[in-house]
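>>> I would like the atomic coordinates for the input below:
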Amino acid sequence: MNSPWPAAATWTVPLFFLALGAALLVLAFALLAEYRRLFFSDPKSAMSLDVIGHLLNLGAPGYLGIFGLGFGGFFVAIGALMAIGLVAFPVIEVLRRVLYALTLNFG
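This is a model prediction of the structure:
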């Protein structure tokens, strides 16, 4: 009888997504915290940084931080759902096999 549990190499994919999402979240929070610190220390230079970003079609650093938060949260959610699936589906399969064995014995 084959084991319903996935191979160890299968866990690298959700762990990769979790690590990538966590890295993006940390970088985005760091960017937003630094941008906030810059804005409160010298609002004029922060606004000129925004204007330069808009002139070069790069967007403001705040937009980049928000996109980083969004993509980081998305990757963390995908990695968590994959990890939950890697645990839930084998548990369901084991329960199915146990119930089948019980119906063969007592049914």
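
>>> show me what contacts Gly72?
Gly72 makes contact with 20-25, 27-28, according to CB atoms under 8 Å, 6 or more residues apart in numbering. Just so you know, the C-beta spots here come from the backbone N, C-alpha and C atoms, and that holds for glycine as well.

>>> I'd like those laid out as a markdown table, including distance to Ile52.
As requested, the contacts of Gly72 are arranged in a markdown table below (distance: CB to CB, whole Å):
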| residue | distance to Ile52 |
| --- | --- |
| Leu20 | 29 |
| Gly21 | 30 |
| Ala22 | 30 |
| Ala23 | 27 |
| Leu24 | 24 |
| Leu25 | 26 |
| Leu27 | 21 |
| Ala28 | 20 |
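
>>> Among these, name the buried ones.
20-21, 24-25, 28 (16 or more other CB atoms under 10 Å).

>>> Any chance of CSV for those residues, columns distance to Gly79 and pLDDT?
Shown next, in CSV, are the buried ones among the contacts of Gly72 (distance: CB to CB, whole Å; pLDDT from 0 to 100):
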residue, distance to Gly79, pLDDT
Leu20, 8, 96
Gly21, 6, 97
Leu24, 12, 96
Leu25, 12, 96
Ala28, 16, 93
